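**Student:** I would like to see how this sequence folds:
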Amino acid sequence: MSRFLRAPARPVTYARWLHLFVPILVMAFWLFIFPEHPLVPALLMAPLGLIPWVRLAEGAQAQFLLIAHGSEEDTHSISAAPADSWADRWRTVLWLEIRLALAAVTTAGTVWLPALTVELVAYAAGHPLGGDLVRIPHVLPRWAAAALAPVPLVVLLALVILLGEVITAIARRLLGPSAAEQLSVLEARTAQLLERTRIARELHDSIGHALTVAVVQAGAARAAGDPEFTERALTAIEETGRTALEDLDRVLKVLRESVQPPSKGPTLDEADRLLESARSSGSQVEAELLGPLDRLPTTVSREAYRILQEALTNVLRHCGPVPVRVRIDVNAEELELEVCNPLPDDVIALLKGGGSGLRGIRERAALLGGEAQTGPHSGGWRVRARLPLQRIP
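**Tutor:** Got it, this is the predicted structure:
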């Protein structure tokens, strides 16, 4: 009820009124040329609705005039696309016929009801017009005619609001997206959500690693009091920060939808950079790299790099410069990556809850059809990921 009372103040109400009038303009043009054939336009709607692009024109017009601007829930309720099936074409034919019928009702009400108000006012003033369109019974008192004069206008407004709601509901039903279009929209939304998740992981891994290395290096340099060590620490911080800025710029290009394609992310054949970064932070890193890392599929190589980066970041963040053992083994079927390090019990209890970094490692592996395990192992902590190679094109 409140929506009905608010309707007279909404611009979309009058836009829908205009939409209801549009078919009558075509009808009037036809009757001006061929007044003896008034039903022909209705018969011509059938073949016209079978043209695929007619559905596009009707959908665009309905979106512009029937849907309230800024209404997010109705953004995709009416499709503006050519008909891609016979079902859509026949729905367009039905839509055109119904629209023409509602236009006739709207025109009759718009002409007759205001004329009735004018006649009631003239009758109340003692000068009835006596037109053929509206006749007032002479038995009606003049005061009653004056009291009833606004009623036709109120009825007209109510009729416009009602027909506007009806035509909008019918448009959503007959011009709404088909099953294929709905599937396409869902696929686009899913792809967008996956891309946002991937970008969030990229930022977490890259920026988190850079900040962790910087904090650890700065703390170690302050504690060491050695100018030579401080110089090495500052160099490591500079290199790590520059790499993080490059990653951030690449991700921001994706977010901005730049015309230039973003640069590719780092791959596993650049693992030495991560290992040296961890070593420069004071960790004793023992690395065993087996297999052709430079021949890995790009997707596997990028995700494996990020998994290794997050694993080393967690070591530096939670344990500091402790010994780390890294093993990467590539065979014909899969890539196996393992990072092990010792850590105290209180840190194990902290990591058992699992943060976004550990969850990101498991998600990266799962997206490639692999698996990742993170948790206590032999008195320390182990991150182990297995990524299949044959499933990746």
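
**Student:** and the nearest residue to Gly379 once chain neighbours are set aside, what are its phi and psi?
**Tutor:** Closest residue to Gly379 in three dimensions, ignoring its sequence neighbours and counting by Cβ to Cβ, 6 or more residues apart in numbering: Pro342, at 6.6 Å. In short, each C-beta sits where N, CA and C put it, glycine included. Taking degrees, to the nearest 10, you get phi -80, psi 150 for the backbone angles of Pro342.

**Student:** OK, contacts around Pro342?
**Tutor:** Taking Cβ atoms under 8 Å, 6 or more residues apart in numbering as the criterion, Pro342 is in contact with 319, 322-323, 379-381.

**Student:** Mind giving me the PyMOL select for the residues you listed, buried ones only?
**Tutor:** Taking 16 or more other Cβ atoms under 10 Å as the burial criterion, the selection of buried members of these in PyMOL is written as:
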select buried, resi 319+322+380+381
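
**Student:** Output the contacts of Pro342 in TSV, with secondary structure, pLDDT and distance to Ala244 appended to each entry.
**Tutor:** Putting the contacts of Pro342 into TSV (DSSP: H, G, I helix; E, B strand; the rest coil; pLDDT from 0 to 100; distance: Cβ to Cβ, whole Å) gives the following:
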residue	secondary structure	pLDDT	distance to Ala244
Cys319	coil	79	21
Val322	coil	84	23
Pro323	coil	89	25
Gly379	coil	80	33
Gly380	strand	86	28
Trp381	strand	88	24
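
**Student:** Tell me the one of the contacts of Pro342 nearest Leu153?
**Tutor:** Proximity of the contacts of Pro342 to Leu153, judged by Cβ to Cβ, is greatest for Trp381, which lies at 78.5 Å.

**Student:** now the closest one: how far from Asn341?
**Tutor:** Distance of Trp381 to Asn341, computed by Cβ to Cβ, to the nearest Å: 6 Å.

**Student:** Quickly list what's touching both of these two.
**Tutor:** Contacts common to Trp381 and Asn341, judged by Cβ under 8 Å, 6+ apart, are 315, 319.

**Student:** What is the nearest of the contacts of Pro342 to His19?
**Tutor:** For His19, the closest of the contacts of Pro342 turns out to be Trp381, at 65.4 Å, with distances computed as Cβ to Cβ.

**Student:** follow-up on the earlier one: dump the contacts of Pro342 into TSV; add distance to Arg135 as well.
**Tutor:** Formatted as TSV, these follow (distance: Cβ to Cβ, whole Å):
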residue	distance to Arg135
Cys319	96
Val322	100
Pro323	104
Gly379	102
Gly380	99
Trp381	94
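
**Student:** Show the subsequent helix or strand relative to the worst-scoring helix or strand of the chain on mean pLDDT.
**Tutor:** When each helix and strand of the chain is scored by mean pLDDT, DSSP states H and E, helix 345-352 comes last, with a mean of 57. Counting by DSSP states H and E, the next helix or strand C-terminal to helix 345-352 is helix 356-367.

**Student:** how about the CA coordinates for that next one, as CSV?
**Tutor:** Taking C-alpha atoms only, helix 356-367 is exported to CSV below (Å, rounded to 0.1, in the frame of the first residue of the first chain):
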residue,chain,number,x,y,z
SER,A,356,44.4,-16.6,5.5
GLY,A,357,47.9,-17.5,4.3
LEU,A,358,47.6,-21.2,5.0
ARG,A,359,44.1,-21.2,3.6
GLY,A,360,45.5,-19.5,0.5
ILE,A,361,48.1,-22.3,0.1
ARG,A,362,45.4,-25.0,0.2
GLU,A,363,43.2,-23.0,-2.2
ARG,A,364,46.0,-22.6,-4.7
ALA,A,365,46.7,-26.3,-4.7
ALA,A,366,43.0,-27.2,-5.0
LEU,A,367,42.4,-24.9,-8.0
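
**Student:** which other helices and strands contact that helix?
**Tutor:** Using 3 or more Cβ pairs under 8 Å, 6 or more residues apart in numbering; DSSP states H and E as the contact definition, the elements that helix 356-367 packs against are helix 179-224, helix 298-318, strand 371-377, strand 380-388.

**Student:** give me that answer again for 6 Å
**Tutor:** Here helix 356-367 is seen to pack against helix 298-318, strand 371-377 when contacts are counted using 3 or more Cβ pairs under 6 Å, 6 or more residues apart in numbering; DSSP states H and E.

**Student:** Go through the contacts of Pro342 and name the one nearest Ala68.
**Tutor:** Nearest to Ala68 among these, with distances taken as Cβ to Cβ, is Trp381, at 55.7 Å.

**Student:** so the closest one bridges to which residues?
**Tutor:** Bridge pairing for Trp381 (DSSP bridges) gives the partners Asn341, Pro376.

**Student:** Relative to Glu336, how far out is it?
**Tutor:** 17 Å.

**Student:** how far is stretch 208-218 from where the chain is centred?
**Tutor:** Once both centres are worked out by Cα atoms, centre = their mean, to the nearest Å, stretch 208-218 turns out to sit 35 Å from its chain's centre.

**Student:** okay, it in CSV with CA atoms only?
**Tutor:** Output of stretch 208-218 as CSV, limited to C-alpha atoms (Å, rounded to 0.1, in the frame of the first residue of the first chain):
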residue,chain,number,x,y,z
GLY,A,208,53.0,-9.8,3.3
HIS,A,209,56.3,-11.4,2.3
ALA,A,210,58.0,-8.0,1.6
LEU,A,211,56.9,-6.5,4.9
THR,A,212,57.9,-9.6,6.8
VAL,A,213,61.4,-9.6,5.3
ALA,A,214,61.7,-5.9,5.9
VAL,A,215,60.7,-6.2,9.6
VAL,A,216,63.0,-9.2,10.2
GLN,A,217,66.0,-7.6,8.4
ALA,A,218,65.6,-4.3,10.2
